[in-house]
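K.L.:
Return a 3D structure for these sequence lines:
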Amino acid sequence: MDAWLQLMVAAPEAPALLFLLAFLGTFAVAAYRARQGLGANLRPLASYRALDRLVDESLETGRPIYLSLGAMTSVGGGMAESMAGLALLDRLATRAALGGGSIVVASGDAVSYVAARGILRRAYKGSGRGRGAEIAADGLFVGSAPMALAAGLDTQLARRPAGALVLHGSSREEGFWLAETHRQAPIEQVGGSTDPAAAGLVQTAVDHPLLGEEMFAGGAYLGGKTGRSSLKCEDWMRLLIILCVIVGVLLISLG
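P.N.:
Take a look at the predicted model:
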């Protein structure tokens, strides 16, 4: 115990490095197990099952899928939510591009905007469609504030009917406004919010709510083996942290 405390004082970055190495190791094991057909067994989530169905219906009807990544900046506390939204966009864009569909993405964050643009370009070019880059670029616009983002997306929905409306990423109060506004329209909505103040409102307004950590599982449920490996790795790391806390408390208690 004394040696560990001395290491903490001499090299305060050591715990972070050990945690990173543990994460990389567990992810490698999880990825290997997934390639061997031993991936995680995911419990069914009705919201992602509904989203999967809505994507197929959107491709059949020719109506675009609308995805709001929220207006919160990725460098101002919304990094995890923005990454989760972009992971979901990657899965949706791939399916839409291969099926001949389109996606309209709304973001109030410049960093997320650029990342989303790159994801769409890659998906459409990879599908072999002729005007992939132009189609992807046309489906993006940015709102500088939550309600400005909502107003812009609402205007776009009025001009071009949607096959589905997905509220993800760092969506906040604008998600409730959008969901409630189009609640009576024949547009099914999937989404949620990680903001405690907005989560309850959004979940009561959308048709298929995402609760809590479900917001971060889209890549695993709609993706392939990599997404499931990542989710399994997170579970293992959570157990490892709990074990470290228990061991630390016992060592301190026993002197």
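K.L.:
distance of V245 from Y48?
P.N.:
Separation of V245 from Y48 (CB to CB, to the nearest Å): 31 Å. For every residue, glycine as well, the C-beta is placed using N, CA and C.
K.L.:
Which one's more surrounded, the two?
P.N.:
Remark: of V245 and Y48, Y48 carries more neighbours, 20 against 10, as counted by other CB atoms under 10 Å.
K.L.:
Now the more buried one. Nearest residue, chain neighbours left out?
P.N.:
On the basis of CB to CB, 6 or more residues apart in numbering, the spatially nearest residue to Y48 that is not a chain neighbour turns out to be Y221, at 4.1 Å.
K.L.:
same thing with A84?
P.N.:
Closest residue to A84 in three dimensions, ignoring its sequence neighbours and counting by CB to CB, 6+ apart: F216, at 4.5 Å.
K.L.:
ok, now Q156?
P.N.:
V104 (6.3 Å).
K.L.:
And the residue nearest to A84, how close does it get to R43?
P.N.:
Distance, F216 to R43, using CB to CB: 15 Å.
K.L.:
okay, these two: which has more neighbours?
P.N.:
Under the criterion of other CB under 10 Å, the comparison of F216 against R43 puts F216 first, with 21 against 7.
K.L.:
Just give the number of residues close to G218.
P.N.:
Applying the criterion other CB under 10 Å, we find 26 residues in the vicinity of G218.
K.L.:
Could you pull up the residues touching the residue lying closest to it once chain neighbours are set aside?
P.N.:
Excluding its sequence neighbours, the residue lying closest to G218 (CB to CB, 6+ apart) is L88, at 3.7 Å. L88 makes contact with L67, V166, H168, G218, G219, L222, according to CB atoms under 8 Å, 6 or more residues apart in numbering.
K.L.:
Go through the residues you listed and say which is closest to V206.
P.N.:
V166 (9.4 Å; CB to CB).
K.L.:
Please identify the helix or strand for that closest one.
P.N.:
Secondary structure assignment for V166, by DSSP states H and E: strand 164-170.
K.L.:
Give the pairing partners of that strand; include direction for each.
P.N.:
According to DSSP bridges, the neighbouring strands of strand 164-170, each with its direction, are strand 65-70 (parallel), strand 189-191 (parallel).
K.L.:
Tell me which of those strands sits most buried.
P.N.:
Ranked by mean neighbour count under mean count of other CB atoms under 10 Å, the strands paired with strand 164-170 are led by strand 65-70, which reaches a mean of 28.
K.L.:
Tell me which helix or strand comes right after it.
P.N.:
With elements assigned by DSSP H and E, the helix or strand that comes after strand 65-70 is helix 79-99.
K.L.:
just checking, S58 touches V166?
P.N.:
No - taking contact to mean CB atoms under 8 Å, the distance of 10.5 Å between S58 and V166 leaves them out of contact.
K.L.:
Of these two, give the one with the bigger neighbour count.
P.N.:
Neighbours per residue (other CB under 10 Å) separate S58 from V166, with V166 holding more: 29 against 24.
K.L.:
so what's that one closest to, chain neighbours aside?
P.N.:
Spatial nearest neighbour of V166, excluding adjacent residues (CB to CB, 6+ apart): L67 at 4.6 Å.
K.L.:
And for G101?
P.N.:
What sits nearest to G101 in space, not counting adjacent residues and going by CB to CB, 6+ apart, is L59, at 4.5 Å.
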